[in-house]
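A.B. asks: Here's my sequence, what's the structure:
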Amino acid sequence: MIDPDGYRPNVGIVLLKDDGRVFWARRVGRDGWQFPQGGMRSDETPIEAMYRELEEETGLRPQHVEVLGATPGWLRYRLPQRFVRHHERPVCIGQKQVWFLLRMLGEETAFRLDAHEHPCAAGRGQLQRVPARATLGRRAGRRRLNHCFHSKSPLPASSSRRKPGPSAFALPER
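C.D. replies: You can find the predicted model right below:
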């Protein structure tokens, strides 16, 4: 679905635990890592699309999360010209996204990364720790995210360092 201005509606999810670790995953067959996200269907609201994408990419259901906030409107970005497919109609010039900040409730065993039949989804593949430059653990970063998401409660500060280990959540390094 492309809107009249040429943007594809999309939702993104930042999923965190109370200790400040965030979930992200490696894309199958690619070298990139990202937060769960995906396109909206024409009959969906952003919140409905978020819950669908959450389940498709992580196997988590609404009872596994608490919505802490969302961006107050669409965040738009344009594609580089070399990626715009001018021969397709309608022409997509970029994406517009609503991002949701979720707190995971319960245990990490609720993750089902093989819950959906499309293996290209972001929630597939390996998981790794978020590098320091992409952290939620820095005070300024937490303030920016709190402002951006208009969250009901502030993001937690990482109070201790954790040793690397298998986890669906990445602990920001300081």
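A.B. asks: quick one: low-confidence ranges for the protein?
C.D. replies: Scanning the chain for pLDDT under 70 picks out the ranges 27-28, 115-174.
A.B. asks: what's the longest helix in it?
C.D. replies: helix 46-58 (DSSP state H).
A.B. asks: Show me what counts as buried in the next helix or strand after that helix.
C.D. replies: From helix 46-58 onward toward the C-terminus, using DSSP states H and E, the following helix or strand is strand 65-70. Across strand 65-70, burial judged by 16 or more other Cβ atoms under 10 Å covers 65, 67-70. In this view, the C-beta of every residue, glycine as well, is placed from N, C-alpha and C.
A.B. asks: re earlier: what angle do strand 65-70 and the longest helix of the chain make with each other?
C.D. replies: 130 degrees (axes from the mean of the first three to the mean of the last three Cα atoms, to 10 degrees).
A.B. asks: In helix 46-58, which residues are buried?
C.D. replies: 46, 49-58.
A.B. asks: Helices of this protein, residue ranges please.
C.D. replies: Using DSSP H, helices in the chain cover 46-58, 139-149.
A.B. asks: Distance to residue 38 added to the buried residues of helix 46-58, as JSON lines?
C.D. replies: Formatted as JSON lines, the buried residues of helix 46-58 follow (distance: Cβ to Cβ, whole Å):
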{"residue": "46", "distance to residue 38": "12"}
{"residue": "49", "distance to residue 38": "7"}
{"residue": "50", "distance to residue 38": "9"}
{"residue": "51", "distance to residue 38": "11"}
{"residue": "52", "distance to residue 38": "8"}
{"residue": "53", "distance to residue 38": "4"}
{"residue": "54", "distance to residue 38": "10"}
{"residue": "55", "distance to residue 38": "11"}
{"residue": "56", "distance to residue 38": "7"}
{"residue": "57", "distance to residue 38": "7"}
{"residue": "58", "distance to residue 38": "12"}
